[in-house]
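Q: Model the following, please.
(chains A and B)
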Amino acid sequence: MSGVPRVVLVDDHGLFRSGVRAELGRQVEVVGEADDVQPAISVISDVQPDVVLLDVHLPGGGGQAVLQAIKPLYPSVRFLALSASDAPEDVIAVIRAGARGYVTKTISTAELADAIRRVAAGDAVFSHRLAGFVLDAFASGSPGAEVSGIKPSFDPELDQLTSREREVLRLIAQGYTYKEIARELFISVKTVESHVSSVLRKLQLSSRHQLTRWATERRLA
Amino acid sequence: MGSVEEPARWHRGDEPFGHWHRGPFWLRHRGTGGPLRRDTAERLAGGVASGLAVWRGFNIMTVRIVFVLVCLIPSGFCVPLYVVAWLLIPAAGEETSIGHRARSDSRGIALAAGLATLLAFLLFVANVIGNGWVDSYAWPQLVTVAGLVLIWRNGSPEEQATLRRLAEPLGSAPNPAARTRWSAIRLVVAGVLILGGAGWLASAHESLALLRPLGAVLLVIAGIVLVLGPWWLRIARDLSMERQAKVRAEERADISAQVHDSVLQTLALIQRRADDPQKVVQLARLQERELRSWLFEGRAPNEADSDMTFAIGVRQIQQDVEARYGVPVEAVTVGDCELDENLNGLLAAAREATVNAAKWSGASVISLFAEVEPDSVSVVVRDRGKGFDQSAVPLDRKGLAESVRGRMARRGGTADVVSGLGEGTKVTLKMPRSAADSPARRP
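A: The predicted model follows:
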């Protein structure tokens, strides 16, 4: 990839879009904006950006609808979900629908630019909160939980996190950057990235229904 | 219903069934002298049945069904009895009964007496011309008519509205446009059915055929259902709509109370503190957290003590530190469990570490990570602030030594502090869980 990533902003608040556009400045090239599902789909199809900055909550069906429409047509377009809600089921749903990352709207500009670059390069971006969600959601698959009566699922490889992945997620949840994680665990940044991507893959492909159940339970709690 | 015995019972005006119903009613009323009140909230007509149900703890539907059955089985006294009860039993929340008020209404009494006399005269004429079966039903209705007049004149506006609702189906439709051809046909068919049934009944009286009256009764009932059915349906619908509207109103009141308590108050505070940007930011953040936890987690702002868990404790630390020191705390909690003595200690230590970071580190954000694992619970408090040289901390600074390390050590936990000048601080707290305390996730 050469130059700055080409970005489409999808958010129903014009003020937020112009704010993001102004703050990101020349770090990215904003090639399109949309405020709802249908306009978003047509804009993305037209310009085929590197990254779509996608609000989870849109009036006409939510960010998921955009993901489901674009993913089959343009698999090379990558999505970074952006949300103010932090509600676990929203986050999990949009990741399961194919977003490569999730950040909260309170993220700093530098971090957002960094996250966009990372997603454009094919890596996964987890906010500290998403990391916490994932740890929580996969925790019921740990050996300790089997005691409490949860059935082992079909694909243990997909349905469990390795201990290294858990360590990486824990550090992300504590607000560590990838570089700091690499230093802390004595591994390369590249390895950290591959761990996170692997977690993302499990998150998207795992058939365990606990994920969904967990998300709804969290909402009810 | 024993259909064979029907004809015989049908003609006994002073039937023991009605008496059986009345006896206990009066006895109870006199015996206990208890506060039997008509229940106006649940009423369909006068609220006597619902009042009775509330008074004796019966099921309200049972009382109504029994009442209707008693009305059907011919005594003719049941309806006037109901009206008299309506007159004499005060409504819930009222001191005097309608009858009490009616005593001073001389014009109403005159009107009631007049109407009753007129009806009596008509009945007398009908009795002379017709064949007498009307008798046992019609004569008690003199009381009904007189009672209804008194209720109409002396009842509260609500009671009058109820009476109007009851009288509505017999008169015209509420608005002329609703009077369709269908309702005209309905009334005609109903009239034919009732008249036919009544005629049949009359003839059955002479022939004494055993099964025929049953058919006649069915015809009359069909006619009544046809006349009153749509109105009953509407009443049922109105009642349920009324209830829904009530629920909605309560919800709205709930939401507006919440918005007032939190959002409006905060906005007012923000207006007053407009010259202090840091305070404004702090207030806005606090409000955002509160509103978010209410919207997305269904948790009221100050509700916690009732079912306190570890995760809620962590969230409280976050909220308190943000509110008091104006430093954002990014809290992530993995898993949850019930609190016990040890975990309370862990929370206290975590709070101290977080407060320390907020006060001294100068970091723009503090990360608070808590994880509940099957065999231990850990908390990591981390900042990217200025850090400190641990060997240089004076001994009299109690915060870290006593509040964090001491607290953890006393309960069998560990506290690990890593800090370097310019590198920030990381406090890792770990508390083993007792074996009996299995990982309990909140449902």
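
Q: where do the helices sit along chain A?
A: Secondary structure of chain A (DSSP state H): helices at A:14-24, A:37-47, A:63-70, A:88-96, A:109-120, A:128-139, A:143-147, A:156-159, A:163-173, A:178-185, A:189-205, A:210-220.

Q: which one of the ones you listed has the most crowded surroundings?
A: Among these, helix A:128-139 has the highest mean neighbour count (mean count of other CB atoms under 10 Å in any protein chain shown), at a mean of 25. C-beta here means a position set from N, CA and C on the backbone, and glycine is covered the same way.

Q: Is chain B within reach of it?
A: Yes. Using CB under 8 Å from any CB of the partner chain, helix A:128-139 reaches chain B at A:128, A:129, A:131, A:132, A:135, A:136, A:139.

Q: between the helices of chain A, which gets the lowest average pLDDT?
A: When those are ranked by mean pLDDT, helix A:143-147 comes last with a mean of 39.

Q: Which segments of chain A make up each domain?
A: A:6-122, A:132-220 (automatic domain parsing).

Q: mind checking which of the ones you listed is nearest residue B:78?
A: Closest to residue B:78 of the domains of chain A is domain A:132-220 (CB to CB; 50.7 Å).

Q: thinking residue A:184 is in contact with residue A:176, fair?
A: Yes. Using CB atoms under 8 Å, residue A:184 is in contact with residue A:176, at 6.8 Å.

Q: Okay, now the unreliable bits of the stretch 51-200 of chain B?
A: Where the stretch 51-200 of chain B drops to pLDDT under 70, the residues are B:72-76, B:93, B:126-138, B:167-182, B:198, B:200.

Q: all helices for it, in order.
A: Assigned by DSSP state H, counting those that start in this stretch, the helices in the stretch 51-200 of chain B fall at B:60-72, B:78-88, B:98-102, B:106-129, B:135-138, B:141-154, B:157-167, B:181-207.

Q: re the thing from before, closest to residue B:99 out of the domains of chain A?
A: Closest approach to residue B:99 among these (CB to CB): domain A:132-220, 53.8 Å.

Q: For chain A, what's its nearest residue on the stretch 151-300 of chain B.
A: residue B:296 (4.5 Å; CB to the nearest CB).

Q: Pipe the helices of chain A into JSON lines and attach distance to residue B:61 per row.
A: Putting the helices of chain A into JSON lines (distance: least, CB to CB, whole Å) gives the following:
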{"stretch": "helix A:14-24", "distance to residue B:61": "55"}
{"stretch": "helix A:37-47", "distance to residue B:61": "49"}
{"stretch": "helix A:63-70", "distance to residue B:61": "47"}
{"stretch": "helix A:88-96", "distance to residue B:61": "41"}
{"stretch": "helix A:109-120", "distance to residue B:61": "62"}
{"stretch": "helix A:128-139", "distance to residue B:61": "47"}
{"stretch": "helix A:143-147", "distance to residue B:61": "48"}
{"stretch": "helix A:156-159", "distance to residue B:61": "52"}
{"stretch": "helix A:163-173", "distance to residue B:61": "56"}
{"stretch": "helix A:178-185", "distance to residue B:61": "66"}
{"stretch": "helix A:189-205", "distance to residue B:61": "53"}
{"stretch": "helix A:210-220", "distance to residue B:61": "34"}
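
Q: now the residue lying closest to the residue of the stretch 151-300 of chain B closest to chain A once chain neighbours are set aside: how far from residue A:56?
A: Nearest residue to residue B:296, sequence neighbours excluded (CB to CB, 6 or more residues apart in numbering or on different chains): residue A:87, at 4.5 Å. According to CB to CB, to the nearest Å, residue A:87 and residue A:56 sit 9 Å apart.

Q: With residue A:161 instead?
A: Distance, residue A:161 to residue A:56, by CB to CB: 24 Å.

Q: Where does residue B:427 sit: helix, strand or coil?
A: With DSSP: H, G, I helix; E, B strand; the rest coil as the basis, residue B:427 sits in strand.

Q: list the contacts for the one residue sitting closest to the centre of chain A?
A: Chain A has residue A:101 as the residue nearest its centroid, 1.9 Å off, counting by CA atoms, centre = their mean. Listed by CB atoms under 8 Å, 6 or more residues apart in numbering or on different chains, the contact set of residue A:101 reads A:79, A:80, A:81, A:115, A:118, A:119, A:124, A:125, A:126, A:200.

Q: go on, residue B:425?
A: Contacts of residue B:425 by CB under 8 Å, 6+ apart are B:357, B:361, B:381, B:382, B:383, B:385, B:387, B:388, B:417, B:418, B:419.

Q: Which residue is the nearest non-sequential neighbour of it?
A: Nearest one to residue B:425, counting by CB to CB, 6+ apart, is residue B:419 at 4.0 Å.

Q: Neighbours of the one you found, how many?
A: 19 (other CB atoms under 10 Å in any protein chain shown).

Q: hang on, it packs against residue B:390?
A: Yes. Between residue B:419 and residue B:390 there is a contact under CB under 8 Å: 6.1 Å.

Q: Which neighbouring elements make contact with the helix or strand harbouring residue B:251?
A: Secondary structure from DSSP states H and E places residue B:251 in helix B:212-259. Packed against helix B:212-259 by the contact rule (3 or more CB pairs under 8 Å, 6 or more residues apart in numbering or on different chains; DSSP states H and E) you find helix B:6-10, helix B:181-207.

Q: Quick check: closest non-adjacent residue to the residue nearest to the centre of chain A.
A: Per CB to CB, 6+ apart, closest to residue A:101 is residue A:125, 3.0 Å.

Q: now residue A:34: how far from chain B?
A: With the distance defined as CB to the nearest CB, to the nearest Å, residue A:34 ends up 25 Å from chain B.
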